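Trainee: Predicted model, plus sequence, below.
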Amino acid sequence: MVSKTLEVVLIAVMAVMFLSCLLDWPYTYFQLVRSLGMIGFIIIGVHDKRNGREPLSCIWFCSALLINPVFKVSLGRDLWNLVDIIWALILLYSIRKDKID
């Protein structure tokens, strides 16, 4: 089981990682983000499912499918930037929501 502190660190790192995708990086960075993002989304999704947060866990599992490095979804740079911003906002919201609950 993931500790609360470790979960917050993982979520914060993922949010920064997705926001950094807005910058100009070599393609290998985006491949790394796909792999780490998929793993991170699965970890967070399992944790949220175990804690009864079904709507968020569904978002994380769907995000893991979308970002997976094996069957790539081609959305174009502009749309991926929008998705990265949305993911970062939802990730940061999930930290804030946890503190309120």
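Mentor: Noted; the coordinates are in hand.
Trainee: Can you name the residues that contact Leu56?
Mentor: By CB atoms under 8 Å, 6 or more residues apart in numbering, the residues touching Leu56 are Gly45, Asp48, Ser94. All C-beta spots, glycine's among them, are computed from the backbone N, C-alpha and C.
Trainee: May I ask which helix or strand encompasses it?
Mentor: In the assignment (DSSP states H and E), Leu56 maps to helix 54-67.
Trainee: That helix: which residues count as buried?
Mentor: By 16 or more other CB atoms under 10 Å, the buried positions in helix 54-67 come out as Leu56, Ser57, Ile59, Trp60, Phe61, Ser63, Ala64, Leu66, Ile67.
Trainee: Now that helix: average pLDDT?
Mentor: Mean pLDDT, computed over helix 54-67, is 90.
Trainee: can you give me how far that helix is from the chain middle?
Mentor: 9 Å (CA atoms, centre = their mean, to the nearest Å).
Trainee: Can you add distance to Lys72 and secondary structure and give the contacts of Leu56 back as CSV?
Mentor: Supplementary listing: those in CSV, determined by distance: CB to CB, whole Å; DSSP: H, G, I helix; E, B strand; the rest coil:
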residue, distance to Lys72, secondary structure
Gly45, 20, helix
Asp48, 25, helix
Ser94, 26, helix
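Trainee: The closest residue to Lys72 other than its chain neighbours: neighbouring residues, count only.
Mentor: Nearest in space to Lys72, with sequence neighbours left out and distances taken as CB to CB, 6 or more residues apart in numbering, is Arg34 at 7.6 Å. Using other CB atoms under 10 Å, Arg34 has 17 other residues around it.
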